[in-house]
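J.: my questions are about this predicted structure, shown below with the sequence.
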Amino acid sequence: MGEDRTEETLDRFFAGLPAEVLGQIECLTMDMWKPYRASCRKWIVGADEKTVLDRFHLERHLNEAVNDVRKQEARELKEQGIDLLDKTKWDWLYRPENLPQARVERFLDRRQYDLKTGRAHAIKENFRRMWNFVFPEGARGFFKGWYFWATHSRLSPIIKVAKMFNNHLERIISYFRLRATNSTAEGINNKIQTIKKKAYGFRNVQRFINAIYFHCGGLELYPL
């Protein structure tokens, strides 16, 4: 455990591993946080080729872009006295298959209009199709078509995210070689957030760290 999301924090972790262990690392999964990438490059040979950008973090970036489009368009419509996008935030952010039944009718109604938010949502959902590919080259070809669509959408938040993905494309495509995600780490993070909520906060960081080790360390506490 470390206090901050800094390069130095991850450096301390790697410094505690024997050289032979560092040499056996075959895959790294992460988001696009630059300090972590810099630390991995220092300590692990061929770190970029071994890195997979977590697919769920990528989809989160797209969700944020869709929401930015929605907020901007909602303001524009409000000025015209139109409330089509009022209270629809989560309609556009849920995956369609997970959309609560109570929202489905409203979502289908809003989707029939020529809304910028509808186009942004379509681009976001289409990106998910990339994970169905088996081989890297198939995924690369799909991304090329998706990228053209996204960057010609005239939706600034979507264009920004598409260009960011393109800048990190090789570490996105590596998923199709290594088939890894951050799911295990995210599961631990969820446990950590539960620990924090149950304690109603901690007086200092070290007590929080101790609690995380206690609850997530796999301790055998039953009497022998």
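T.: In hand now; what should we look at? Numbers count the residues shown, from 1 in each chain.

J.: contacting residues for Phe135?
T.: Residues in contact with Phe135 (Cβ atoms under 8 Å, 6 or more residues apart in numbering) are Phe176. All C-beta spots, glycine's among them, are computed from the backbone N, C-alpha and C.

J.: what about it, distance to Arg129?
T.: 15 Å (Cβ to Cβ, to the nearest Å).

J.: centroid-nearest residue for the protein?
T.: His57 (0.8 Å; Cα atoms, centre = their mean).

J.: phi first, then psi, for Met30.
T.: For Met30, the backbone dihedrals (degrees, to the nearest 10) come out as phi -160, psi 170.

J.: that one against Arg41, yeah?
T.: No: at 11.9 Å, Met30 does not count as touching Arg41 under the criterion of Cβ atoms under 8 Å.

J.: the more surrounded of these two?
T.: Met30 (17 against 13; other Cβ atoms under 10 Å).

J.: what distance do you get for the closest residue to that one other than its chain neighbours to Thr29?
T.: In space, and not counting its chain neighbours, Met30 is closest to Tyr36: 5.3 Å by Cβ to Cβ, 6 or more residues apart in numbering. Noted for Tyr36: a distance of 11 Å to Thr29, by Cβ to Cβ.

J.: so the residue nearest to Val69 when sequence neighbours are not counted is in which element?
T.: Excluding its sequence neighbours, the residue lying closest to Val69 (Cβ to Cβ, 6+ apart) is Ala120, at 4.2 Å. Element membership for Ala120 (DSSP states H and E) is helix 116-127.

J.: tell me what that helix is packed against?
T.: helix 55-79, helix 89-93, helix 101-111, helix 136-151, helix 156-167 (3 or more Cβ pairs under 8 Å, 6 or more residues apart in numbering; DSSP states H and E).

J.: could I get those as a markdown table with distance to Ala199 and mean pLDDT?
T.: What follows is those, written out as a markdown table (distance: least, Cβ to Cβ, whole Å; pLDDT from 0 to 100):
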| stretch | distance to Ala199 | mean pLDDT |
| --- | --- | --- |
| helix 55-79 | 27 | 96 |
| helix 89-93 | 29 | 96 |
| helix 101-111 | 34 | 93 |
| helix 136-151 | 43 | 98 |
| helix 156-167 | 36 | 98 |
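
J.: go ahead and confirm Thr51 touches Ile172.
T.: No: applying Cβ under 8 Å, one finds Thr51 not in contact with Ile172, separated by 9.9 Å.

J.: ok, now which ones touch Pro157?
T.: Pro157 makes contact with 64-66, 68-69, 120 under the criterion Cβ under 8 Å, 6+ apart.

J.: Val161 touches Arg60, doesn't it?
T.: No: Val161 is not in contact with Arg60 according to Cβ under 8 Å; the separation is 10.1 Å.

J.: more neighbours: the two, which one.
T.: More crowded of Val161 and Arg60, by other Cβ under 10 Å: Val161, with 24 against 13.

J.: near Val66, how many other residues are there?
T.: 27.

J.: and the residue lying closest to it once chain neighbours are set aside, how far is that from Val161?
T.: Nearest residue to Val66 in three dimensions, chain neighbours excluded: Ala120, at 4.5 Å (Cβ to Cβ, 6+ apart). Distance of Ala120 to Val161, computed by Cβ to Cβ: 10 Å.
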